[in-house]
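Participant: Got a predicted model here, sequence first, then my questions.
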Amino acid sequence: MMLSKILLASLIGGLFSLDERAVAQTMISRPIVVSPLIGFILGLVSGNPAAGLADGLFIGVILELIWIKVIPIGAHVPPNVCLSSTLGVGLSQMIQGERITVLMISLILAVLSGLVLREIEIKNRELNDLLANRILRSVEEGRLTQVGMLNLLSIGITLLTGVLILMVGLYVGVNLAQIVIDSLPMKIQRGFGVSFYLLPLVAIAAALEAFFRFKV
Amino acid sequence: MVTDYPLISDFRSLITKWDLFRVFLRAFFIQSVWNFERMQNVGFLYALIPALKKLYPDRKECQKSFLRHLEFFNTQPYMASFIIGLTIAKEEENVREKGVLIQQISTLKKSMFGPLAVLGDSFFWAGIRPFFSLLGSILALSMDIWGPIIFLLLYNLVHLSTRFLAILMGYRFKEGVVGEIKKLPLQRLTRDINVAGMVISGLGLGILFKLWPLEFFPHFWTYLAQVFGCTIIVGLFSLIIRRGISAPLLFLILVSLSLIIAPFFGS
């Protein structure tokens, strides 16, 4: 069942991550949309969609607000919030343990993965440099239909990268997180309970600061 | 008025409503091949293709038109539609009247994409997107899945109508589209959104108190103390974020501190 959940989460997350840059930008790639959706679907597989939806909403809201100021301006490459939140909610539905501990570990890994995924997005865009030059050469040689085909190829590469990263990330993440949870003493796991209730305050502070910062 | 458009396909137009609609759909792929060297150049060309193929049935001329639109281009993806509409109108003018310098099209694009990027970034990325996502998040606390749904509906109402109208305005007003954009109260709206965002953040804190377990507030005075305490904590966190520590980093620091301190409290 874990492998089917990993495949499902990877395919949906990878598809939705196209919206972040490659296609449309309708914001279906935002954590607040992706997390509850994937949480619900994985919950359906486990036989408890309500719990999956609740966990997905919690993770989605927290990630949405702590990343509220992450915006793509000019050449700046922001963290891939869609893949990160897919990773977070996917882990929350596959790791066994006390609910608060599982949610906190999933959130920690989601936030940390943002840094890694940003580097992978940069590599994706560097690959696009090659594709764009190829398109230019094709047009210079008169092969005008190559524009559409290479455009599609770029989208395909972005999709494939996202799906593969999620599959590897979820598989490694589940096993790593389970080892951490199983070996962490309960005394220390109690600390997650404190930060669990402080976390919404961090999220609201981040939102407040986002609107304070962007003065016109 | 923005809505006072003449018929788009009058008897002299080469470009039809259907051509513009196809361009509108292709504009959704403006960032598909975003690259560091020339950024949105490929996406910009890809959006224009139905119009360029219509205007330049001769393969050589079509190839030349493709090449001149593979130059550097980067702006906010929704605002790019203004320039796409304008470019189609100028290319059509070039074909019909042969009086437009090709260079003028490139100059117009270059003069517009920077200012439109600033406008679009501050209104969409720093304005309505965080505002609607905050609203959706706060609504999600009490209305579950309706929070994200309302976020998507409200955001895309503005997003899709901007993309659609921008192409029509760019095509209709050509260089005059700058004047039309200036008439839109974007700066005032962005300012109002900032204020509303702060109010909704406070509302979010209120909803949180309603959702937290009752054992946190056994008495009225405990409740009051925790309301004030949490408000002060939010203010403190807000100050920390303003000092340069990002919210994700603050989250990681808090978790680490909680884990370190936890073993010293309780049994």
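Facilitator: Ah, there it is.

Participant: all contacts plus neighbour counts: C-alpha atoms, from now on.
Facilitator: Noted.

Participant: Which residue is it, in chain A, that comes closest to chain B?
Facilitator: Nearest to chain B in chain A, going by Cα to the nearest Cα, is residue A:22, at a distance of 3.9 Å.

Participant: pLDDT wise, what is residue 142 at?
Facilitator: No chain in the question, so chain A it is. Looking at residue A:142, its pLDDT is 91.

Participant: my question was about chain B
Facilitator: Predicted confidence (pLDDT) for residue B:142: 83.

Participant: nearest residue to it other than its sequence neighbours?
Facilitator: Excluding the flanking residues, the one nearest residue B:142 by Cα to Cα, 6 or more residues apart in numbering or on different chains is residue B:207, at 7.5 Å.

Participant: show me what contacts the residue of chain A closest to chain B?
Facilitator: Residues near residue A:22 by Cα atoms under 8 Å, 6 or more residues apart in numbering or on different chains: A:155, A:158, B:29, B:30, B:31, B:32, B:33, B:34.

Participant: Looking at those, state which has the most neighbours.
Facilitator: In terms of neighbours by other Cα atoms under 10 Å in any protein chain shown, the contacts of residue A:22 top out with residue B:33 at 34 neighbours.

Participant: Remind me what the one helix or strand the residue nearest to residue B:142 maps to packs against, helices and strands.
Facilitator: Taking DSSP states H and E as the criterion, residue B:207 maps to helix B:186-211. With contacts taken as 3 or more Cα pairs under 8 Å, 6 or more residues apart in numbering or on different chains; DSSP states H and E, helix B:186-211 sits against helix A:186-213, helix B:129-143.

Participant: Nearest to residue B:243, out of these?
Facilitator: Residue B:243 lies closest to helix A:186-213 among the helices and strands packed on helix B:186-211, at 10.6 Å (Cα to Cα).

Participant: for that closest one, which positions count as buried?
Facilitator: Neighbour-count burial for helix A:186-213 flags A:187-196, A:198-211 (criterion: 16 or more other Cα atoms under 10 Å in any protein chain shown).

Participant: For the helix holding residue B:207, which residues meet the burial criterion?
Facilitator: Going by 16+ other Cα under 10 Å, helix B:186-211 has these buried residues: B:186-187, B:190-191, B:193-195, B:197-198, B:200-202, B:204-205, B:208-209.

Participant: ok, which stretches of the stretch 51-200 of chain B are strands?
Facilitator: Shown for the stretch 51-200 of chain B, no strands are assigned by DSSP state E, counting those that start in this stretch.

Participant: mind checking how far the residue in it positioned nearest to chain A is from residue B:134?
Facilitator: Residue nearest to chain A within the stretch 51-200 of chain B: residue B:194 (4.8 Å; Cα to the nearest Cα). As for residue B:194, its distance to residue B:134 is 11 Å (criterion: Cα to Cα, to the nearest Å).

Participant: Where is the longest helix in chain B?
Facilitator: The residue-count maximum for a helix in chain B (DSSP state H) belongs to helix B:146-173.

Participant: Output stretch B:20-31 as PDB - backbone C-alpha positions only.
Facilitator: Written as PDB, here are the backbone C-alpha positions of stretch B:20-31 (Å, rounded to 0.1, in the frame of the first residue of the first chain):
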ATOM      1  CA  LEU B  20      -7.100  36.100 -30.400                       C
ATOM      2  CA  PHE B  21      -8.700  33.300 -28.400                       C
ATOM      3  CA  ARG B  22      -6.100  30.800 -29.600                       C
ATOM      4  CA  VAL B  23      -3.400  33.300 -28.600                       C
ATOM      5  CA  PHE B  24      -5.100  33.700 -25.200                       C
ATOM      6  CA  LEU B  25      -4.900  29.900 -24.600                       C
ATOM      7  CA  ARG B  26      -1.300  29.700 -25.700                       C
ATOM      8  CA  ALA B  27      -0.400  32.600 -23.300                       C
ATOM      9  CA  PHE B  28      -0.800  30.200 -20.400                       C
ATOM     10  CA  PHE B  29       2.400  28.600 -21.600                       C
ATOM     11  CA  ILE B  30       4.500  31.700 -21.500                       C
ATOM     12  CA  GLN B  31       6.800  30.300 -18.900                       C
END
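
Participant: remind me which residues of chain A are low pLDDT?
Facilitator: Residue ranges of chain A with pLDDT under 70: A:213-216.

Participant: All the helices of it, in order from the start?
Facilitator: Using DSSP H, helices in chain A cover A:2-17, A:31-46, A:49-66, A:81-92, A:99-140, A:146-183, A:186-213.

Participant: Highest mean neighbour count out of those?
Facilitator: Counting by mean count of other Cα atoms under 10 Å in any protein chain shown, helix A:81-92 has the highest mean neighbour count of those, with a mean of 31.

Participant: Check which helices and strands that one is in contact with.
Facilitator: helix A:2-17, helix A:31-46, helix A:49-66, helix A:99-140, helix A:146-183.

Participant: Let me have these in TSV, extended by distance to residue B:50.
Facilitator: TSV is the format used below for these (distance: least, Cα to Cα, whole Å):
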stretch	distance to residue B:50
helix A:2-17	27
helix A:31-46	33
helix A:49-66	37
helix A:99-140	16
helix A:146-183	11
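
Participant: Redo those helices as a markdown table? Include distance to chain B.
Facilitator: Shown next, in a markdown table, are those (distance: least, Cα to the nearest Cα, whole Å):
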| stretch | distance to chain B |
| --- | --- |
| helix A:2-17 | 12 |
| helix A:31-46 | 6 |
| helix A:49-66 | 5 |
| helix A:99-140 | 5 |
| helix A:146-183 | 6 |
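
Participant: Lowest-confidence member of the buried residues of helix B:186-211, which is it?
Facilitator: Within the set of the buried residues of helix B:186-211, pLDDT is lowest for residue B:209 (72).
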